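Visitor: Pasting a predicted model and its sequence here:
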Amino acid sequence: MGSTLGVSRLPVDIPDLSEGLPASGHLGSGSVSTQVGVTESIDVPSLQSAAPPGGHRAIHYRSLSNAMLFTLVISGPMMLWESMWRGQPMIDQPGDLWIAPTVIVTAAFFVGGAIAGRHRRRSTGAIAQGIALAIPVSFILIIADIGLRLYLNKGLPLPVAELWLYALVGTVVVASLGALFGRWLYLREKKRKRMRKRISPARR
């Protein structure tokens with residue numbers, strides 16, 4: 001029948017059943033029949049994505065967990081030092097010594113954001129990683145500070161509550177900027193590796 005009507009039969013690879021059925025909805029026995037007198041080639045796109053790890057997921061949990069661990073390890077002791085300095089929080093004492101732990105904690109959120117966003121393909125994904133880092137870690141630090149103030153019978157003055165609100169917004173911004181920076185570093189390093197692979201064969 002194929003020779004009478006001029007039907008061309010082309011051998012093709014049988015697709016992997018684990019990846020789903022082809023567009024036609026059925027599998028052939030190693031050959032595909034096309035329309036009469038027409039020869040078509042079947043292009044099977046590669047299923048391997050060049051996207052970095054977690055590129056298709058909303059949150060890359062391994063990077064996020066690493067970032068949370070780093071940020072808490074740095075910011076936790078700093079906030080404890082600030083709260084216990086000379087028996088009371090630094091911010092309740094005269095002077096500007098409280099700026100020192102604030103700068104260190106800010107740097108921790110920035111570096112943590114860079115760790116969280118380093119594997120994101122898009123800028124929006126990196127920002128999402130930064131927000132997912134900043135909000136829970138900030139709430140942990142706020143709850144810990146409130147509990148310590150209640151333990152020390154220091155209360156929670158309104159200016160301190162306002163400062164924590166500003167700090168929450170600030171950590172979101174800083175962590176998001178850090179995530180964008182981490183993504184930029186990752187893409188730059190990836191580009192350098194591609195350039196090295198292109199140069200190496202030319203030198204040989």
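Guide: Good, I have the coordinates.
Visitor: Every contact and neighbour count from this point should use C-alpha atoms.
Guide: Fine.
Visitor: Grab the longest helix from this protein for me.
Guide: In terms of residue count, the longest helix belonging to the chain (DSSP state H) is helix 158-203.
Visitor: Average pLDDT for that one, rounded please.
Guide: For helix 158-203, the mean per-residue pLDDT is 86.
Visitor: So, low pLDDT: which residues of the protein?
Guide: By pLDDT under 70, the weakly predicted segments of the chain are 1-57, 86-87, 200-204.
Visitor: Okay, helices next: where are they in this structure?
Guide: Per DSSP H, the chain carries helices over the ranges 2-5, 61-84, 99-117, 123-151, 158-203.
Visitor: could you check the angle helix 99-117 makes with the fourth one?
Guide: Here helix 123-151 points in a direction 140 degrees away from that of helix 99-117 (axes from the mean of the first three to the mean of the last three CA atoms, to 10 degrees).
Visitor: ok so, going back, out of the helices of the chain, which is the most enclosed?
Guide: helix 99-117 (a mean of 24; mean count of other CA atoms under 10 Å).
Visitor: what angle do that one and helix 158-203 make?
Guide: Using the same axes, to 10 degrees: helix 99-117 against helix 158-203 is 40 degrees.
Visitor: For stretch 114-133, output the C-alpha coordinates as CSV.
Guide: Output in CSV follows, covering the C-alpha atoms of stretch 114-133 (Å, rounded to 0.1, in the frame of the first residue of the first chain):
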residue,chain,number,x,y,z
ALA,A,114,22.7,36.5,47.4
ILE,A,115,22.9,32.9,48.6
ALA,A,116,19.1,32.5,48.1
GLY,A,117,18.9,34.1,44.7
ARG,A,118,22.1,32.7,43.1
HIS,A,119,20.3,29.9,41.2
ARG,A,120,17.4,31.9,39.8
ARG,A,121,17.0,32.3,36.0
ARG,A,122,14.8,35.4,36.2
SER,A,123,15.0,38.6,38.2
THR,A,124,11.4,38.0,39.6
GLY,A,125,12.5,34.6,40.8
ALA,A,126,15.5,36.1,42.6
ILE,A,127,13.3,38.8,44.3
ALA,A,128,10.9,36.1,45.4
GLN,A,129,13.8,34.3,47.0
GLY,A,130,14.8,37.4,48.8
ILE,A,131,11.3,38.1,50.1
ALA,A,132,11.0,34.4,51.2
LEU,A,133,14.2,34.8,53.2
